[in-house]
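Q: model the structure of this input:
(one chain, ligands or ions: 1)
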Amino acid sequence: MRRRGGQLFWCSLTGRLIDPAHPEAGSIWIVDDIDDRKRAEAGLAQLMLEQQLIFDHAMVGIVFLKDRRVTRCNRAFEQLFGYAPGELNGLSSRSWYLDDEGWEQAGRDCYAPFSEGRAFQGEMMLARKDGSPVHCEVRSKAIEPSDLSQGSIWITMDISARKQAEAAVLQAKAELEALVQERTQQLSQTVQALEDKIREQHAAEARIQSLAHFDSLTGLPNRLLLKERAEQALEIARRQGHQLALMFLDLDHFKRVNDSLGHRVGDVLLRQLAQRLRSALREPDTVARLGGDEFVMVLPDTDAQGAAHVARKLLGLCAEPFVVEQHELSTSPSIGIAIFPEDGQDFDTLCASADVAMYRAKRDGRNAARFFTAEMQAQTLRALTLENALRRALEREQLHLCYQPQVELERGLITGAEALLRWEHPELGSVSPTEFIPVAESCGLILPMGEWVIREATRQIRQWMAQGLGPVKVAVNLSSVQFRHLELPQLIDQIVKQAGIDPALLELELTEGMAMLEPQRAIETMRELHRRGLQLAMDDFGTGYSSLSYLKKFPVYKLKIDQSFVRDLTEDPEDRAIVAAIISMATSLGLQTLAEGVETQGQLDILRQQGCREAQGWLFGRPLRAPDFAALLAAQRTG
Ligand SMILES: Nc1nc2c(ncn2[C@@H]2O[C@@H]3COP(=O)(O)O[C@H]4[C@@H](O)[C@H](n5cnc6c(=O)[nH]c(N)nc65)O[C@@H]4COP(=O)(O)O[C@H]3[C@H]2O)c(=O)[nH]1
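A: Alright, predicted model coming up:
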């Protein structure tokens, strides 16, 4: 319709004939302006259309249920669960649940929110038409909370991908955590291993340090640490103008303990001794073990009086017997004392002084302490001078051998000679072997020197043979250092072979002391020498302490009766008895005898009477130069 102003509007027209029998009677029209209603309807239709569009094209599945059956659902819902368009209409919602239990549970879960007008919201595993599970998020609400029979609307979203992504993230996180944990563990293991290694290294270093500085048997400082500490103490003494005492202590006859009771007992004894020494000294003092039974003590700030006091204390402590296993051992020490600065300015000199003093203590009967003295100093100086001169003696041909005749008493014939070493030094003059042999022994020169003696003696034997003086037996002295040298038998064998002489012409003299030091080893060496055809004689017999049982085992063929018994033979009945005893014992053991140092006819008469086989001494001849001895031999041959 059009209004007067031309504006169109909707209206409702109701017209009726006033009298249907008489249409000409006119009609009646009711015009109702419905423009507003029409507009509202159009708005509603538009809304409906829009909603339908949303419904149809929503990305989520939407379903209306009534009595849990589908009244309407959109395409997305059907696609979500794999149904054809319209296929779900009228179907029970059970269709998209995995099982009855899940379906019923969902019904129970949404009842309370529905009736309270709230939305039910949750995630659940639902089923597609083909039975495959699909993870969904659902939101639902009752259409009319006060009347649940009007049904409900459900909005359903497939969240499988999200869930998978979440699961993947979770798994990645778990894997990452596991990896981190594993790495952390590996790291802590590595750290632990490193720490262990460092600890081990520290322990090893400490052990090396301890090995380098401490004696493993007693735990006392060793020579190295002693030197360090002594030098520190000396430095302080020097700065403060104090004295310092350095002591050497050595057990008398310790070797016997080792030899007779074994090293184990010896070791325990040394450990106990170390403890006693330690307990006797003050904190700043150092007790060290140099090896064997040699101990050194450094007493800072100590004068001679203090040192004497300590030495007395140590002697007293060592006098107490040591109990080792079932043995009660008595020992005695010899102590040498050197005082800084009088007896030495540095550690080495002080050690040397204390060492000399200790040897003096031993020489003076052991179990004693001795201070280093000026006289010892002179001796040490002399020893040093000799040592230096001796080093050149061989190459400068200052050595020669003298030969002292050995006479067979029955026939009065010279049967051999003892070769005695002589040293003529241009400045020092003629030095006695009793003085230079110990020096040569202490500095090792005795080995080349002893070898030279044997070469020279064998060369001489050979020469005398060549000169037609017949086979002459020559005895050479062996030093204990030579005797202990492992290659001695081979060396002598080789020398004898080179000289081309009968080995029986070379007689080797060993002292009783040498043989008894290590009897078992001595027996082996002697046997070795004996096997090679060399003759062995026991020198200075009677001065040592040979056990008869050993004597039987030593392959010696001759005993040389020491000149100390011969000297007073005519006056001293005891010496006579001793010599008689030696001769009769030797005879019964099948050994020959030779008396040394025979100077008088009286001595000779007694020896003859006692049945001594041979003699040597000034009575028959002093040690002679080789040509003089050869002349003696020649005279004997012609005479
Ligand atoms: N009072 C007195 N003495 C007599 C008499 N007859 C000989 N003597 C001396 O007594 C020593 C005997 O030698 P020894 O006991 O083997 O004692 C030797 C020996 O132990 C050692 N010696 C000498 N030459 C050598 C050697 O070549 N090598 C080794 N290792 N030691 C040697 O030096 C020691 C001393 O030798 P020497 O001074 O030559 O002294 C020699 C000899 O000269 C005598 O009637 N009266």
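
Q: hey, let's count contacts and neighbours off CA atoms from now on
A: OK.

Q: domain assignment for this structure?
A: By the assignment in the TED database, the chain contains the domains 10-50, 61-163, 223-372, 385-638.

Q: is there any residue in the longest one that contacts the ligand?
A: Which is domain 385-638. Yes. Shown here: domain 385-638 in contact with the ligand (Cα under 6 Å from any ligand atom) through 420-421, 432-434, 450, 453, 476-479, 597-599, 617-618, 623.

Q: what average pLDDT does that domain get?
A: Here domain 385-638 scores 93 as its mean pLDDT.

Q: the residue of the stretch 151-300 of the chain found nearest the ligand: how many residues sit nearby?
A: Closest approach between the stretch 151-300 of the chain and the ligand, counting by Cα to the nearest ligand atom: residue 253, at 22.1 Å. Around residue 253 sit 13 other residues, with neighbours defined as other Cα atoms under 10 Å.

Q: OK, contacts around the closest residue to it other than its chain neighbours?
A: In space, and not counting its chain neighbours, residue 253 is closest to residue 331: 7.8 Å by Cα to Cα, 6 or more residues apart in numbering. Neighbouring residues of residue 331 by Cα atoms under 8 Å, 6 or more residues apart in numbering: 251, 252, 253, 254, 318, 319, 321, 322.

Q: are we agreed that residue 474 is in a strand?
A: Yes. Residue 474: assigned to a strand according to DSSP: H, G, I helix; E, B strand; the rest coil.

Q: so it sits against residue 420, correct?
A: No. Judged on Cα atoms under 8 Å, residue 474 makes no contact with residue 420 at a distance of 10.2 Å.

Q: which one of the two is surrounded by more residues?
A: Of the pair residue 474 and residue 420, residue 474 is the one with more neighbours under other Cα under 10 Å, namely 24 against 19.

Q: need the three-state assignment for residue 389.
A: helix.

Q: tell me which residues in the host helix or strand of residue 581 are buried?
A: Taking DSSP states H and E as the definition, residue 581 sits inside helix 573-589. Neighbour-count burial for helix 573-589 flags 575, 576, 578, 579, 580, 582, 583, 584, 586 (criterion: 16 or more other Cα atoms under 10 Å).

Q: next SSE after it?
A: Moving toward the C-terminus from helix 573-589, the next helix or strand (DSSP H and E) is strand 592-595.

Q: and the contacts of that next one?
A: Residues beyond strand 592-595 that count as contacts (Cα under 8 Å, 6+ apart) turn out to be 557-563, 566, 583, 586, 607, 612-616.

Q: looking at the residues you listed, state which has the most neighbours.
A: With neighbours taken as other Cα under 10 Å, the top of the contacts of strand 592-595 is residue 616, carrying 28 neighbours.

Q: who's residue 33 bridged to?
A: Beta-bridge pairing of residue 33 under DSSP bridges involves residue 11.

Q: any idea how far the helix or strand residue 258 falls within is from the chain center?
A: Taking DSSP H and E as the criterion, residue 258 maps to helix 254-261. Centroid separation for helix 254-261 versus its chain: 29 Å, with Cα atoms, centre = their mean, to the nearest Å.

Q: got phi/psi on the residue of the stretch 151-300 of the chain closest to the ligand?
A: phi 60, psi 30 (degrees, to the nearest 10).

Q: one step back: narrow the residues of domain 385-638 next to the ligand to those in strands?
A: Taking DSSP state E, the ones among the residues of domain 385-638 next to the ligand that sit in strands are 420, 421, 476, 477.

Q: so the first one sits against residue 476, correct?
A: Spelled out, it's residue 420. Yes. Contact between residue 420 and residue 476 holds when scored by Cα under 8 Å: they sit 7.2 Å apart.

Q: do a quick rundown of the helices in the stretch 251-400 of the chain.
A: Under the criterion DSSP state H, counting those that start in this stretch, the stretch 251-400 of the chain contains helices at 254-261, 263-280, 304-319, 347-363, 374-393.

Q: show me what contacts the residue nearest to residue 133 when sequence neighbours are not counted?
A: Sequence neighbours aside, residue 127 is the residue nearest to residue 133 in space, at 4.4 Å (criterion: Cα to Cα, 6+ apart). Residue 127 sits next to 81, 95, 96, 97, 98, 133, 134 when contact means Cα under 8 Å, 6+ apart.

Q: next: residue 536.
A: Residues near residue 536 by Cα under 8 Å, 6+ apart: 507, 508, 509, 510, 526, 530, 555, 556, 557, 558.

Q: elements contacting the strand or helix carrying the third one?
A: Residue 509 belongs to strand 506-511 when assigned by DSSP H and E. Applying 3 or more Cα pairs under 8 Å, 6 or more residues apart in numbering; DSSP states H and E, we find strand 506-511 packed against strand 473-477, strand 535-541.

Q: give me the contacts around it.
A: 458, 473-480, 534-541.
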